[in-house]
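>>> Here is a sequence with its predicted model. Questions after.
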Amino acid sequence: MKLRDNKVILVDADGVLLDWEWAFNVWMGEQGFERIEGSQFIYDIGERYGIPTTQSKKLVNIFNNSAWIGFLPGLRDAQFYVKKLHEEYGFTFHLITSLSLDKNAQRRCT
């Protein structure tokens, strides 16, 4: 088998296949946090919500280990194109992520 015959794509989940950001923003709203106006393009969660970095990291960790992580919606057209690449071109996808070390959170993502 030639290397090019091995059609494997390694892909991250959150922010690539799944809309982690949308779900996190909804969750943060339920926790009583409000995004700073105009911060939708700011990557740093602390800056986006006007909270200290230590607090934002704790909140991301809590979210990533919560049941929410098992119900992330698909990101834009990801599902369509993954299906197309698999069915029409024979690609196989392998999920790689550093989302959480929690075993239950990992199970929710598979």
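Yep, that arrived.
>>> Give me the below-cutoff pLDDT ranges for this structure.
Across the chain, residues meeting the criterion (pLDDT under 70) sit at 1-4, 99-102, 104-110.
>>> for it, what spans make up the strands?
Here the chain has its strands, by DSSP state E, at 8-11, 92-95.
>>> okay, the first one in PDB with CA atoms only?
The C-alpha trace of strand 8-11 is given here as PDB (Å, rounded to 0.1, in the frame of the first residue of the first chain):
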ATOM      1  CA  VAL A   8      -6.500   9.300   7.100                       C
ATOM      2  CA  ILE A   9      -7.300  12.700   8.400                       C
ATOM      3  CA  LEU A  10      -6.500  13.600  12.000                       C
ATOM      4  CA  VAL A  11      -8.900  16.200  13.200                       C
END
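>>> can you list the residues that contact that strand?
Contacts with strand 8-11, where a contact means C-beta atoms under 8 Å, 6 or more residues apart in numbering, come from Leu17, Val82, Leu85, Phe91, Thr92, Phe93, His94, Leu95, Ile96. Bear in mind the C-beta positions are built from the backbone N, C-alpha and C, glycine included.
>>> let's see it at 10 Å
The contact list for strand 8-11 (C-beta atoms under 10 Å, 6 or more residues apart in numbering) reads Leu17, Ala78, Val82, Leu85, His86, Phe91, Thr92, Phe93, His94, Leu95, Ile96, Thr97.
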